[in-house]
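>>> Predicted model and sequence below, questions to follow.
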Amino acid sequence: MTINVQPGARRGKVLLVDDQQANLRLMHQILADEYELFVATGGAQALELCERSAPDLVLLDVVMPGLDGLEVCRRLKQSPDTRGIAVIFVTAGTTPEEENACWEAGGADFVTKPVNPLTLRHRVRAHLQLKQYVDALHALAFVDGLTGIANRRHLNERLEIEWRRCLRSGMPLAALMIDVDFFKRYNDRYGHQAGDDCLKRVAGALSSAMQRAGDLAARYGGEEFLCLLPETDATAARALAERVEQAVRDLAIEHLDSATAPVVTVSVGVAVMCPLQDDAPATLLQRADAALYQAKQLGRGQVVIASDQD
Ligand SMILES: Nc1nc2c(ncn2[C@@H]2O[C@H](COP(=O)(O)OP(=O)(O)OP(=O)(O)O)[C@@H](O)[C@H]2O)c(=O)[nH]1
């Protein structure tokens, strides 16, 4: 895995949010030569752009009609997908209460209006540099070194978040536990390096099969993977599991020592739960694991969905 922590190695993405065109123009002039800039003229548009374009940093006006800057910041910090975006408020308010509101909403910093161009440049530069280091550390801590997909630590963190989210919304949370069949024999016949390459390709197939931004494919350990699918019911989870199983077959990686097929296959255990207060997130994984065990018992290279009683 290559992690680039050289400051300035890539142009940072900065979203400018202000309902006044003149302010946007000014900030644009100050920053355009250094960064990739996006512009939003209101809070709702800012949130939408944050989800779609994943900026590194937002320069956020506080007072705007509709959704104001403080509320935009709170919502960004609530979502696991956007909480890493640094927010610098651009504010005319300088009372202690107004400043405190910026910190309490989750802002990383603020600059006061009228904007001093040099201060704006330096604040943005400092926070982008910080974010690059944080992103690099995050990648080291949350990405599996061999396959480049999420690691188990990342999975556990997301499982907690999605579990709580589904507990609040009453929506189902699905998990696919996926294990490469006869992988010991694969290593024994083709060698450990080929085994590693095989795991990388399987991981790639899983990632490609995930359709929604909230879906997560992770390496659970060894030759075992786990896909977490928020707000996904049993029908959709089964369909996705079957697509995953087929996608791995379609890689057509030769495995002449497999008793299931002449190519690498996976077994998939599926579990779906609508979280309840008394359940623990680990229950979902235990059920997926039990279904995976059944898939192995039934001959491998297939999908088994856990029944509610498991
Ligand atoms: N090349 C490679 N092999 C790994 C890695 N992690 C685990 N393995 C191997 O995966 C194999 C897993 O073997 P088992 O748990 O017996 O399972 P299996 O052979 O796949 O059999 P079934 O799961 O019952 O189909 C072991 O030989 C491990 O050494 C890895 O990162 N790279």
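Perfect, I can see it now.
>>> Quick check: the gap between Ile149 and Ser208.
11 Å (Cβ to Cβ, to the nearest Å). Any C-beta I mention is one placed from the backbone N, CA and C, and that applies to glycine too.
>>> Okay, and the residue in the stretch 51-200 of the chain that the ligand sits nearest to sits in which element?
As assessed by Cβ to the nearest ligand atom, the ligand sits closest to Gly195 within the stretch 51-200 of the chain, at 2.5 Å. Per DSSP states H and E, Gly195 falls inside helix 192-209.
>>> Tell me the pLDDT of the residue lying farthest from the centre of the chain.
No residue in the chain sits farther from the centre than Thr95, which is 37.1 Å out by Cα atoms, centre = their mean. At Thr95, the pLDDT value in this model is 93.
>>> And the residue nearest to Phe182 when sequence neighbours are not counted, which helix or strand is it part of?
In space, and not counting its chain neighbours, Phe182 is closest to Ser258: 4.5 Å by Cβ to Cβ, 6 or more residues apart in numbering. Assigned by DSSP H and E, Ser258 belongs to no helix or strand.
>>> Quick one: neighbours of Ser258, just the number.
20 (other Cβ atoms under 10 Å).
>>> Surely it touches Lys184?
No: contact criterion Cβ atoms under 8 Å: Ser258 and Lys184 do not qualify, at 10.9 Å.
>>> where are the low-confidence patches of the protein?
Low-confidence segments of the chain (pLDDT under 70): 1-9, 308-310.
>>> Please determine how far the most centrally placed residue in it is located from Ala203.
Among the residues of the chain, the one closest to the centroid is Asp81, at 5.9 Å (Cα atoms, centre = their mean). Distance of Asp81 to Ala203, computed by Cβ to Cβ: 21 Å.
>>> where do the helices sit along the protein?
Per DSSP state H, the chain carries helices over the ranges 21-31, 43-53, 69-78, 96-105, 117-142, 152-169, 183-190, 192-209, 234-250, 281-297.
>>> Could you export those as TSV, including distance to Gly12 and mean neighbour count?
Below are the helices of the chain laid out as TSV (distance: least, Cβ to Cβ, whole Å; neighbours: other Cβ atoms under 10 Å):
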stretch	distance to Gly12	mean neighbour count
helix 21-31	9	16
helix 43-53	12	17
helix 69-78	17	20
helix 96-105	21	14
helix 117-142	4	15
helix 152-169	24	17
helix 183-190	41	16
helix 192-209	25	17
helix 234-250	35	18
helix 281-297	35	19
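>>> what residues does the stretch 201-310 of the chain put near the ligand?
Residues of the stretch 201-310 of the chain that fall close to the ligand, judged by Cβ under 6 Å from any ligand atom: Gly222, Glu223, Lys296, Arg300.
>>> on that earlier part again, format the helices of the chain as TSV; extra columns: distance to Met177.
Below are the helices of the chain laid out as TSV (distance: least, Cβ to Cβ, whole Å):
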stretch	distance to Met177
helix 21-31	46
helix 43-53	29
helix 69-78	29
helix 96-105	39
helix 117-142	20
helix 152-169	11
helix 183-190	15
helix 192-209	12
helix 234-250	10
helix 281-297	4
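>>> closest one to Leu216 among these?
helix 152-169 (5.3 Å; Cβ to Cβ).
>>> ok now stretch 144-163, how far from the chain's centre?
9 Å (Cα atoms, centre = their mean, to the nearest Å).
>>> Please disregard the earlier target; I meant stretch 205-217.
Counting by Cα atoms, centre = their mean, stretch 205-217 comes out at 10 Å from the chain centroid.
>>> distance between the helix holding Gly195 and the chain's centre?
For helix 192-209, the distance to the chain centre is 19 Å (Cα atoms, centre = their mean).
>>> got the angle for that helix vs helix 183-190?
Using axes from the mean of the first three to the mean of the last three Cα atoms, to 10 degrees, the inter-axis angle of helix 192-209 relative to helix 183-190 is 130 degrees.
>>> So which other helices or strands are in contact with helix 192-209?
Packed against helix 192-209 by the contact rule (3 or more Cβ pairs under 8 Å, 6 or more residues apart in numbering; DSSP states H and E) you find strand 173-180, helix 183-190, strand 216-221, strand 224-230, helix 234-250.
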